Each structure stands twice: as C-alpha cells, then as structure tokens.
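Engineer: below are the sequence and a predicted model for it; my questions follow.
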Amino acid sequence: MKSHRQVLTLHLPERTGFVNLTEQVAEAVRASGIQEGLCLVNAMHITASVFINDEEAGLKQDYLRWLEKLAPFNAGSDPLKGGYLHNRTGEDNGDAHHKRQIMGREVVVAITGGKLDFGPWEQIFYGEFDGRRDKRVLIKILGE
C-alpha cells in the first residue's frame, strides 16, 4: 500500500468563511498516483472544519446564518446570559469551537480509477470560524 501526505495552508482575512478545496484535493490524488483507495481531508485546528456539500452561494450563506443562531459570536463569557465559559480564558472564540463541532473535523472520500469518487454535486469545503491567521488542512491518501 502507498501513502501520500500533503498539507494546505489557508488564511482567511475574515473571522468566518468557506473555501472550496475540491480541485486542490483532486490534484493531490493525481500527484499521489493512487488509483484505488481512500482520501482523508481534515482541518488541523479546533476552530475550523472540513465537510462535503454543494457549491452554491445561498447554501453557504444559510450555513453561516444557521451556525450563528446556534453558536453566536457575541454571546460573551457570562454563562448566566448564555455566554461561553471558554471566553473567560481571554479568548473570544468559544463560538468557533461549537461551530467546528457541528460541521465536523474531516471527510473521507473513496478514490476509484485515480479520481475522487463523489456523488452528484458533492464538493469538499474548508470552514473557518476563527480566521485572520494561517490554518492548515491535511490531505492523506492511502491505497494502491
């Protein structure tokens, strides 16, 4: 069995946002030479996510609105007012940890015939919930 490892570095200037990684992951699969196997893609930070969904602007805006309702940024640190105890550490990203938990850490995609084996409309996305600095994404490919 062969393996291939690649790390992407992303820097989103905003606090939250999404980046379509599909082409970069497909290029890593091509570079690996693996024809049959699995491809893991995971965010290497606890305030970022990797997930699969459709490339559609309205859907991404819906996600951001939905996540903000579930884990609002401005909740503060007072637990009696719905705030984040985590923010008592001096951080202001308690919401980002929750958003990452909801959206997930990683995806695994089958490789068939040297290509990502997706269903219709599936794309790989990076979700950033505490941006404005460099973050890493791991691509690990295993197979023959």
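Structural biologist: Sure thing, it's come through. Predicted model only: the values in this text are computed from it and were never measured.

Engineer: got the buried residues for whichever strand or helix holds Val107?
Structural biologist: Secondary structure from DSSP states H and E places Val107 in strand 106-112. Going by neighbour count (16 or more other CB atoms under 10 Å), the buried part of strand 106-112 is 107, 109, 111. Yep, even glycine has a C-beta here, placed from its N, CA and C like the rest.

Engineer: now, among those, which is nearest to Asp130?
Structural biologist: Val107 (20.1 Å; CB to CB).

Engineer: circling back to that earlier point, so what does the strand holding Val107 touch, helix or strand wise?
Structural biologist: strand 37-43, strand 48-53 (3 or more CB pairs under 8 Å, 6 or more residues apart in numbering; DSSP states H and E).

Engineer: contacts for that strand, please.
Structural biologist: Applying CB atoms under 8 Å, 6 or more residues apart in numbering, the contact partners of strand 106-112 are 25, 29, 34-43, 50-52, 116-118, 124, 141, 143.
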